[in-house]
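Trainee: Here is the input, now give the coordinates:
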Amino acid sequence: MKIVVIGGSGLIGKKLVNNLRELGHEVVAASPSLGINSITGEGLAAAISGAQVVVDVTNAPSWEDQAVLDFFKTSTRNLLDAEVAAGVQHHVALSVVGTDGLLESGYFRAKMAQEEMIKDSKVPYTIVRAAQFFEFVESIAQFSTEGETVRMPSAFIQPIVSDDVAAAVADYALASPVNGIVDLAGPERMGLDELVRRFMTARKDTRQVVTDENSRYYGVLLNQHSLVPLGDARIATTRFEDWLKSTSKI
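Mentor: Numbers count the residues shown, from 1 in each chain. All right, here's what the predicted structure looks like:
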């Protein structure tokens, strides 16, 4: 099967490309650095020609409200148009758990716009909403740091390692289109404050994590369940503690 991975040089994209190639599929890794650009359209039609599946794991270079909206709308429109022309049978897109409840953020409004365009297209689809990645906990902490204090709410989060995301997305890419949304999360549900505190302790970071329910998550005021699946979800197996140990700095 020919599968095109848009965003094939990113964190998830590289892992996904490797997973699918190991399973014997013809995989095109697509990104601007590889000469295939979903914004300008450069190389897109040639890359998608003959493909049965297109997987979109791109992310916007800027999270400024208008820039991120323009990115996802333009990229998604170009992809879907090229897929219709090429007769692609399955469009798979990586999104974020809880997107429709996080629309205070321009980034999540852009992701919602992307999802709606996919639903309205003629291409059969699967939208995979993943929980936050283990690899991004440090940047979450940095975003909420004031001096030596990290202010985090106790809202639940159910983070997942990128390897498990890539494995799940590969499975969905090879399955029949769901024509809907599937949620994907890690095996442990904990408070966002606890998650960051565990990370800081493991990394011997001396910043103090203070629980503050008014602290915002990338500009969004959370309720207790904003960041976790509310219904059925695929649950991965890698635990946060095991990832911390495997990536600990010596």
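
Trainee: got a list of what the closest residue to residue 28 other than its chain neighbours touches?
Mentor: Excluding the flanking residues, the one nearest residue 28 by CB to CB, 6 or more residues apart in numbering is residue 4, at 4.5 Å. Yep, even glycine has a C-beta here, placed from its N, CA and C like the rest. By CB atoms under 8 Å, 6 or more residues apart in numbering, the contact list for residue 4 reads 27-28, 30, 47-48, 51, 53-55.

Trainee: ok, 10 Å please
Mentor: Residues counted as contacts of residue 4 (CB atoms under 10 Å, 6 or more residues apart in numbering) are 17, 26-30, 36, 44, 47-56, 79, 82-83, 86, 88.

Trainee: And the next helix or strand past the host helix or strand of it?
Mentor: Using DSSP states H and E, residue 4 maps to strand 2-6. Downstream of strand 2-6, the first helix or strand assigned by DSSP H and E is helix 11-22.

Trainee: Please report phi then psi for residue 112.
Mentor: Per-residue torsions, residue 112: phi -70, psi -40 (degrees, to the nearest 10).

Trainee: For it, which non-adjacent residue is closest in space?
Mentor: Nearest residue to residue 112, sequence neighbours excluded (CB to CB, 6+ apart): residue 99, at 5.5 Å.

Trainee: what about residue 224, neighbour count?
Mentor: Neighbours of residue 224 under the rule other CB atoms under 10 Å: 12.

Trainee: any idea of the angle the top helix by length along the chain forms with strand 2-6?
Mentor: Longest helix in the chain, counting residues (DSSP state H): helix 65-86. Here helix 65-86 points in a direction 170 degrees away from that of strand 2-6 (axes from the mean of the first three to the mean of the last three CA atoms, to 10 degrees).

Trainee: Counting by contacts, list what helix 65-86 packs against.
Mentor: Here helix 65-86 touches strand 2-6, helix 44-48, strand 53-56, strand 90-96, helix 106-120, going by 3 or more CB pairs under 10 Å, 6 or more residues apart in numbering; DSSP states H and E.

Trainee: gap between the first one and the chain center?
Mentor: In other words, strand 2-6. 17 Å (CA atoms, centre = their mean, to the nearest Å).

Trainee: List the strands paired with it, with their directions.
Mentor: strand 26-30 (parallel), strand 53-56 (parallel) (DSSP bridges).

Trainee: Restrict the last one to CA atoms and write it as PDB.
Mentor: Translated: strand 53-56. The C-alpha trace of strand 53-56 is given here as PDB (Å, rounded to 0.1, in the frame of the first residue of the first chain):
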ATOM      1  CA  VAL A  53      -3.800   6.700   2.400                       C
ATOM      2  CA  VAL A  54      -2.600  10.100   3.400                       C
ATOM      3  CA  VAL A  55      -1.700  10.800   7.100                       C
ATOM      4  CA  ASP A  56      -1.500  14.400   8.200                       C
END
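
Trainee: For it, give the mean pLDDT please.
Mentor: Mean pLDDT, strand 53-56: 98.

Trainee: one step back: for the residue nearest to residue 28, name its beta-bridge partners.
Mentor: When assigned by DSSP bridges, residue 4 has beta-bridge partners residue 28, residue 54.

Trainee: so what's it scoring on pLDDT?
Mentor: For residue 4, the model assigns a pLDDT of 98.

Trainee: And it, how far from residue 216?
Mentor: Distance, residue 4 to residue 216, by CB to CB, to the nearest Å: 36 Å.

Trainee: And residue 243, by the same measure?
Mentor: Residue 243 sits 26 Å away from residue 216, going by CB to CB.

Trainee: Between those two, tell me which one has more neighbours.
Mentor: Legend: neighbour count by other CB under 10 Å for residue 243 and residue 216, higher for residue 243 (22 against 16).

Trainee: is it true that that one touches residue 195?
Mentor: No - look at residue 243 against residue 195 with CB atoms under 10 Å: they stay out of range, at 11.6 Å.
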